[in-house]
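Undergrad: Fold the stuff below for me.
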Amino acid sequence: MTVSLQKGQKVSLAKRGGGALSVVRMGLGWDAVKKRGLFGSRSQSIDLDASALLFDAGSQLVDAVWFRQLRSKDGSVQHTGDNLTGAGDGDDESVIVDLARLSPAVAQIVFTVNSFTGQDFSQIENAFCRLVDETTNEELARYELSGSGKHNAQIMAKVARDGQGGWSMTAIGAIASGRTFQDLLPATAAHL
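TA: Numbering: from 1, shown residues only. Predicted structure coming up:
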């Protein structure tokens, strides 16, 4: 059963029926708004990029996984590759996190999305991020990336240790501007 999150809402990721999650996938999906002209509408390509930023308990950036570094230094976080158009259904980009292999120094993972080509969210529709139990393919939580506007990035969500050996997910949905995750670090700091 999926939990649909609202901005700022937090949900425990404790596995139903007990046990701990071992591998999760953060999926990002989007469609480009069709441009209308004199001769009808036409598709356009929008290159959104998902990134996973790994922070320690002191809110220091430990590592980042994005389209130019598809695997974390310890190998526990893997980006499945850059989607340059948003074409197709379902997840357009995914980041897989092996929670069991993740360094104990990592306290939280912040997921961001940005338009590398600079197009803003007024040209994007049906955008979402979702967290999936990779071992069962069960969708655990979903957050619709609402807020069409002139921004070209969002701090989507974070997955954090809950202090009791488990994890929680918080929908952040903060708008930002920037073409890469480095541009988003100042905006991210407010949500650690």
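
Undergrad: Quick one: distance of the lowest-mean-pLDDT helix or strand in the chain to the chain centre.
TA: The weakest-scoring helix or strand in the chain, judged by mean pLDDT, DSSP states H and E, is strand 40-42 (a mean of 72). From the chain centre to the centre of strand 40-42 is a distance of 30 Å (CA atoms, centre = their mean, to the nearest Å).

Undergrad: Could I get the buried residue list for it?
TA: The neighbour-count check on strand 40-42 (16 or more other CB atoms under 10 Å) flags nothing as buried. Where C-beta positions appear, they are placed from N, C-alpha and C, glycine not excepted.

Undergrad: ok, residues contacting that strand?
TA: K34, K35 (CB atoms under 8 Å, 6 or more residues apart in numbering).

Undergrad: Each with direction, which strands does the following helix or strand past it pair with?
TA: The first helix or strand that comes after strand 40-42 along the chain, using DSSP states H and E, is strand 48-56. Strand 48-56 pairs in its sheet with strand 61-65 (antiparallel), strand 106-115 (antiparallel), by DSSP bridges.

Undergrad: which strand residues sit across from R36 in the sheet?
TA: Bridge pairing for R36 - DSSP bridges - gives S41.
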